[in-house]
Structures are given as structure tokens and as C-alpha cells.
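K.L.:
generate coordinates for the sequence data below:
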Amino acid sequence: MNVDHVFVCGNPALDFAATLRARRTLRFEMFTSPERLDAWYLEAGIVDTVSPGTDTDLARAVAVREAVYELVTARRLQEPYDGTALATVNGAARRPPATPQLTAAGRRTDATPEEALSTVARHAVEVLSGPDVPLLKECGNPECTRVYIDRSRGMRRQWCGMESCGNKLKAAAYRARKKEARVPAGRTGTHAR
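P.N.:
Numbering: from 1, shown residues only. Below you'll find the model as predicted:
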């Protein structure tokens, strides 16, 4: 089941947090069913297979996702962590993670939903305690609330992704400039003599 999730944040935990989009406005939920959550784990490359999730697995994942977003936001703004969010992520990270196995065909990771979620939580622990913390930025699109790792030269990246946000904002700015250029210059309410 391919649901075309977007992976532009530079870390699986950040992409996981971004599955609730436009948090300040429309709040578009990507995890509308356990199947969509399972598909995310596969598309993100967290696992090669995941046993079918339940509504309980989905509720747990959403709680961890919200805790990750809260912690990432606090870290980015240099604010203290919320104790409940911290306990939620750490609790998930303490569970057994998805474990890769070597097979005749190569590496393979089969997991339960709990193991896949633990792996995501461990990614969150790593990104929030590692060298990428100063590189965390929120997308410059006011509608977007994705947080990404800005590894661009000079940390000049403005959007989570060019296709998802950058092109939209650049096109809107271009249309605004074109519209402004079409307004006649002499319309100030006085007549030229």
C-alpha cells in the first residue's frame, strides 16, 4: 500500500513528526488507519515488513509522534522539555527495536508495530541529543510545520522540500510580483499636467 508519504526532513523521527501536516491551520492527518501507519514504516525504510497494526498501535504511534514534535520544537526553540513528552519518547525507545537480520539475499528487517515504533523513538533520541541539534529548522512556509535538518551550505535552506513547499512559495511570490507590475504606475489620484 503506497500512500506517498514525504521524506524531506533528514531523519526518520522528524519525518514521523511531520505526518500531522499544517499543524497551525488545516491539521492534515496522515495516520488515518493502522494500515497507513504500517505503510509509513515501510516507505520510511524503518522495516522491510511489519506485522499488521491495530488501533492500539496507531494510538501509541500518534502519542509518540506528538511527543517527538513537542520535544523537537522545544529543542529548536531552546526551551525545556515537557516531562510527559520526554517520558513518552523514552518509554517507546526502551522497548525492543526492529532488529535487522542477515539473510542469503542480504539485510532484512521484519518487525512488529511496537518494534518499528521503538526504532523511530530511538531515532528521535539520537537526533535530539546529537550534533544535528543546531541544524534543526522549521519550514519557511507559514502553512507547513515540518522541522528538518538544514545541512545546506551556510544553512541557507528555507523550506522542508523544494517540491512540497519551496516551489509553491516561489510561484506565489512570482505571481504577486507580476500582479504588482501590471498595476499602472500613475494611479495615485492626481492627473499629470
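K.L.:
for the rest of this, base every contact and every neighbour count on C-alpha atoms.
P.N.:
Fine.
K.L.:
ends of stretch 148-155, how far apart?
P.N.:
For stretch 148-155, the first-to-last residue distance is 11 Å (Cα to Cα, to the nearest Å).
K.L.:
lowest-confidence helix or strand of the protein?
P.N.:
Lowest by mean pLDDT, DSSP states H and E among the helices and strands of the chain is helix 167-182, with a mean of 58.
K.L.:
contacts only, for the closest residue to residue 145 other than its chain neighbours.
P.N.:
What sits nearest to residue 145 in space, not counting adjacent residues and going by Cα to Cα, 6 or more residues apart in numbering, is residue 22, at 5.6 Å. Taking Cα atoms under 8 Å, 6 or more residues apart in numbering, we find residue 22 in contact with 28, 143, 144, 145.
K.L.:
for residue 92, same thing?
P.N.:
Counting by Cα under 8 Å, 6+ apart, residue 92 touches 64, 117, 118, 121.
K.L.:
7 Å - rerun?
P.N.:
For residue 92, the contact set (Cα atoms under 7 Å, 6 or more residues apart in numbering) comprises 117, 118, 121.
K.L.:
any idea how far the second one is from residue 36?
P.N.:
Looking back up the chat, that one is residue 118. From residue 118 to residue 36 the distance is 17 Å (Cα to Cα).
K.L.:
who has more neighbours, these two?
P.N.:
Each of residue 118 and residue 36 has its neighbours counted (other Cα atoms under 10 Å); residue 118 has more, 24 against 18.
K.L.:
I figured that one hits residue 90, correct?
P.N.:
No - using Cα atoms under 7 Å, residue 118 is not in contact with residue 90, being 9.1 Å away.
K.L.:
what are the contacting residues of the longest helix seen in the chain?
P.N.:
Assignment by DSSP state H gives helix 55-76 as the longest helix of the chain. For helix 55-76, contacts defined as Cα under 7 Å, 6+ apart pick out 16-17, 34, 37, 80-81, 85, 88-89, 113, 117, 124, 128, 136-137.
K.L.:
tell me the two of these that are most distant?
P.N.:
Pairwise distances across the contacts of helix 55-76 (Cα to Cα) peak at 32.1 Å, for the pair 34 and 80.
K.L.:
the next helix or strand after the longest helix of the chain to helix 55-76, inter-axis angle?
P.N.:
Later in the chain than helix 55-76, the nearest helix or strand by DSSP states H and E is helix 83-94. With axes from the mean of the first three to the mean of the last three Cα atoms, to 10 degrees as the basis, helix 83-94 and helix 55-76 are set at 120 degrees to each other.
K.L.:
look up how far residue 114 lies from residue 148.
P.N.:
Distance from residue 148 to residue 114, counting by Cα to Cα: 25 Å.
K.L.:
which one of the two has more residues nearby?
P.N.:
The neighbour comparison of residue 148 against residue 114 (other Cα under 10 Å) goes to residue 148, with 26 against 22.
K.L.:
so what sits opposite the more buried one in the bridge?
P.N.:
In this entry, residue 148 is beta-bridged to residue 137, by DSSP bridges.
K.L.:
state the pLDDT value of it.
P.N.:
We have a pLDDT of 95 for residue 148.
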